[in-house]
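In: quick one, structure for this:
(one chain, ligands or ions: 2)
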Amino acid sequence: MSVSYETIECERCGYAETSLVTAGKFVWSDGSEEYWFSRQLAVCKNCECVVAMEEFPEPAVLAEARKRLGSYWRKLTRNYGVDDVGMMARSKGLAVAEKVIALQRKPVCLSCGSANVAPLVTPDDGGSDDTRIRSLGIQHPGCGGMLTIYGSGGDRAAPLEVTRIYDLHGRQIGTRPGW
Ligand SMILES: [Zn+2]
Ligand SMILES: [Zn+2]
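Out: Ligands and ions are numbered 1, 2, ... in the order given. Presented below is the predicted three-dimensional model:
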């Protein structure tokens, strides 16, 4: 599978990274079950890099998904619904996501596990189709140069098919090939 992507570059030092750091499958594991969680593009002050950062499910959505998993709801509707909640109720390891939310911790950098990380809000325009170089208005940590972003246009890349496994605190505990 190939995807279009964006490149983030530092104007001062030439550092470059792509949005492909968020590609692939990221799961939380409690040792028995896994939950496939979302991640977002971010800048980590600890890594001084563009990284993938955890994105927590909304507690209200999680609670509703748990409700639909109950036998009463299933008997009533015979499915979980086609909205976000239904998708979540169908996903495995809901209990794992609930454990992560119960910790009430901040989302962390998926490279180093630090909470010193901020989502990289990309300009709302053409995304990876937009090949113009735009300023992100964010400094490259440790360097001070401004970060810019541009889309790959028609260029596509095939990310490594790997599943990254994290504990409930967002610390990486392993990887395995495949999604
Ligand atoms: Zn730099
Ligand atoms: Zn980091």
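In: specify the beta-bridge partners of the most centrally placed residue in the chain.
Out: The residue lying closest to the centre of the chain (CA atoms, centre = their mean) is residue 39, at 0.6 Å. For residue 39, the beta-bridge partners are residue 54 (DSSP bridges).
In: my read: it touches residue 54, true?
Out: Yes: under the criterion of CB atoms under 8 Å, residue 39 makes contact with residue 54 at 6.0 Å. C-beta: built from backbone N, CA, C; applies to glycine.
In: mind checking how far the residue nearest to the centre of the chain is from residue 5?
Out: Per CB to CB, to the nearest Å, residue 39 is found 14 Å from residue 5.
In: if we can go back for a sec, who touches the residue nearest to the centre of the chain in this structure?
Out: 22, 26, 52, 53, 54, 55, 110 (CB atoms under 8 Å, 6 or more residues apart in numbering).
In: quick one, which of these are buried?
Out: Buried members of the contacts of residue 39, counted by 16 or more other CB atoms under 10 Å: 22, 26, 52, 53, 54, 110.
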